[in-house]
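Asks: prediction below, plus the sequence it came from.
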Protein chains: 2
Amino acid sequence: MPISTVHTAPARRTIFHPKEWSEFVPVICSGWAVSSIALPDGRRQILAFLLPGDAVSTGFLFGPLSGRHVEAVTEVTYRRFKRNDLRALLFENSDLFDRISKTWTDERVQADQLALDLGRRTASERIARQILNLAERLAKRDMMSGQTMEFPLRQRHIADATGLTPVHVSKVLGEFQRAHLIEISGRSLTILNEAELRMAADWP
Amino acid sequence: MPISTVHTAPARRTIFHPKEWSEFVPVICSGWAVSSIALPDGRRQILAFLLPGDAVSTGFLFGPLSGRHVEAVTEVTYRRFKRNDLRALLFENSDLFDRISKTWTDERVQADQLALDLGRRTASERIARQILNLAERLAKRDMMSGQTMEFPLRQRHIADATGLTPVHVSKVLGEFQRAHLIEISGRSLTILNEAELRMAADWP
DNA sequence: CGGCCCTTTGACGGACGTCAAATAGCGTGG
DNA sequence: CCACGCTATTTGACGTCCGTCAAAGGGCCG
């Protein structure tokens, strides 16, 4: 049964259009993508960075979740699962149902934390948290070499994820580097002083 | 089968503790409540105002969603449904399942909008949107008399919902009133100029 | 009546945004 | 391989939105 097809998108290509009514739910296989929502005047909020293995949102299982934009950051390969196929699987297989509902509550917790970050945290905290968050997620996927990660994000991405401007992101990242918390060179980022970075992030 | 019990909480009382691991999911019957998440240092973000008929979150169906605080604004009556009873109902009744999954995607859209508001909108936009949003939800419940609604929220609530300070909320509400967009008196709020208020809110 | 919380107001400060210019990367094509 | 042009990053000066602090009412309940 062909329940999925594989696609490739180059960097910066749109994978899923905000107005698209699709019966497919996309899942990232390789590369980095970004899920966002935008206003007519151009203001944009990134809701999540998508890494290999991530689905856009479990919400996609039940409806098209219009308004969301999904875009490749690096070259990306992804699969498109038919919504109805997945729903059928869900009802046949109660183990799978449990895994999905777990993902669902995790996603809700993430959304709550995002609101808390955007509403109540300072610029430095938000940026430091994004870095630590990505490091943690990459580590789970065996995509960290020591404290170093591939870091394909433009500062514009970080700005849109944290509700800041690219200029201010540049200033904060500059401070972090001058304080030897992190080092960014080329397209990779190294955490030099994890303890201090966690302090800056007000991390648990 | 006793699947729910009714409780009453006076204003300001906690209905659901952030550390509580509960097998119950609360649903508001009357009054206003607030669902929030907080940092150790006291910063707080309100995630939703709960009106009669609202459950705290569909996420509660599948796990305890730790970290959330639910608190009465006015005197509140609510029911506590057993999680397992609800889950059982869900599997027996596929119509109910569809309704719940609809609620889930709605909730996801709300969460996305909250992030967009907090990350990318100005103070005035955020406050105007909260007012319009509440008016719309109250209208669906037949709880508006014309353009006037009961408005039990303290400015502290609005501040925590919009990521602002109570002082700044007071200033913006003052401007709105001097511009005759709204009028607040006692515990009720009237929308005087809906068109202008929608403009201020950058509303669709 | 008295205390407590809420709201309002004003002066001031700071975090972050805007604007602009200089520099550095990076992909493309000659 | 170099030249070119675009986009990203950095930096500084300056502006503004919103926060902080403080004081003065106002409303509500014991």
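Replies: Everything's here; your move.
Asks: tell me the SS of residue A:20?
Replies: coil (DSSP: H, G, I helix; E, B strand; the rest coil).
Asks: helix/strand/coil for the closest residue to it other than its chain neighbours?
Replies: Counting by CB to CB, 6 or more residues apart in numbering or on different chains, residue A:64 is the residue found nearest to residue A:20 once chain neighbours are left out, at 7.4 Å. The C-beta positions use only the backbone N, C-alpha and C, and glycine is treated the same way. Here residue A:64 is recorded as coil under three-state DSSP.
Asks: burial count for residue A:64?
Replies: Counted with other CB atoms under 10 Å in any protein chain shown, the neighbours of residue A:64 add up to 18.
Asks: tell me the contacts of it?
Replies: A:20, A:21, A:22 (CB atoms under 8 Å, 6 or more residues apart in numbering or on different chains).
Asks: my guess is the last one contacts residue A:15. True?
Replies: No - in this structure, residue A:22 is not within contact of residue A:15 by CB atoms under 8 Å, at 10.6 Å.
Asks: between those two, which has more neighbouring residues?
Replies: residue A:15 (21 against 15).
Asks: in chain A, which residue sits nearest DNA strand D?
Replies: Closest contact between chain A and DNA strand D, by CB to the nearest atom of the strand, is at residue A:155 (3.2 Å).
Asks: and that residue, how many neighbours?
Replies: Neighbours of residue A:155 using other CB under 10 Å come to 18.
Asks: would you confirm that it contacts residue A:172?
Replies: No - assessed by CB under 8 Å, residue A:155 is found out of contact with residue A:172, at 9.7 Å.
Asks: show me which residues of chain A sit near DNA strand D.
Replies: A:154, A:155, A:156, A:166, A:167, A:170, A:171, A:173, A:174, A:184 (CB under 7 Å from any atom of the strand).
Asks: again, 10 Å this time
Replies: A:11-12, A:119-120, A:122, A:151-159, A:165-175, A:177-178, A:184-185, A:187 (CB under 10 Å from any atom of the strand).
Asks: from those, which ones fall inside helices?
Replies: The helices in this structure, assigned by DSSP state H, contain A:119-120, A:155-159, A:166-175, A:177-178 from those.
Asks: pLDDT wise, what is residue A:1 at?
Replies: Predicted confidence (pLDDT) for residue A:1: 45.
Asks: do residue A:34 as well
Replies: At residue A:34, pLDDT is 96.
Asks: just the C-alphas of the host helix or strand of it, formatted as PDB.
Replies: Taking DSSP states H and E as the definition, one finds residue A:34 inside strand A:33-38. Only the C-alpha atoms of strand A:33-38 are listed here, as PDB (Å, rounded to 0.1, in the frame of the first residue of the first chain):
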ATOM      1  CA  ALA A  33      12.300  23.400   7.900                       C
ATOM      2  CA  VAL A  34      10.300  26.000   9.600                       C
ATOM      3  CA  SER A  35       6.600  26.300  10.400                       C
ATOM      4  CA  SER A  36       5.200  29.800  10.600                       C
ATOM      5  CA  ILE A  37       2.200  32.100  10.500                       C
ATOM      6  CA  ALA A  38       2.100  35.600   9.000                       C
END
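Asks: could you identify the helix or strand that succeeds that strand?
Replies: strand A:44-50.
Asks: from the chain's centre, how far out does that next one sit?
Replies: From the chain centre to the centre of strand A:44-50 is a distance of 6 Å (CA atoms, centre = their mean, to the nearest Å).
Asks: ok, that strand: who's next to it in the sheet?
Replies: strand A:33-38 (antiparallel) (DSSP bridges).
Asks: contacts for the partner strand next, please.
Replies: Applying CB under 8 Å, 6+ apart, the contact partners of strand A:33-38 are A:15, A:18, A:44-50, A:56-57, A:67-73, A:76, A:78, A:157, A:160-161, B:112-113, B:115-116.
Asks: so it, near DNA strand C or not?
Replies: No - using CB under 10 Å from any atom of the strand, strand A:33-38 never reaches DNA strand C; the gap is at least 15.4 Å.
Asks: before we move on, what about stretch A:177-187?
Replies: Yes - using CB under 10 Å from any atom of the strand, stretch A:177-187 comes into contact with DNA strand C via A:185, A:186, A:187.
Asks: so which of the residues you listed comes closest to residue A:92?
Replies: residue A:187 (42.7 Å; CB to CB).
Asks: phi first, then psi, for residue A:126.
Replies: phi -60, psi -40 (degrees, to the nearest 10).
Asks: helix or strand: which one has residue A:129?
Replies: Here residue A:129 is assigned to helix A:123-140, by DSSP H and E.
Asks: same for that helix, what does it pack against?
Replies: helix A:94-120, strand A:148-150, helix A:155-162, helix A:166-178, strand A:188-191, helix A:194-201 (3 or more CB pairs under 8 Å, 6 or more residues apart in numbering or on different chains; DSSP states H and E).
Asks: nearest to residue B:91, out of those?
Replies: When the helices and strands packed on helix A:123-140 are compared by CB to CB, helix A:94-120 sits nearest residue B:91, at 8.7 Å.
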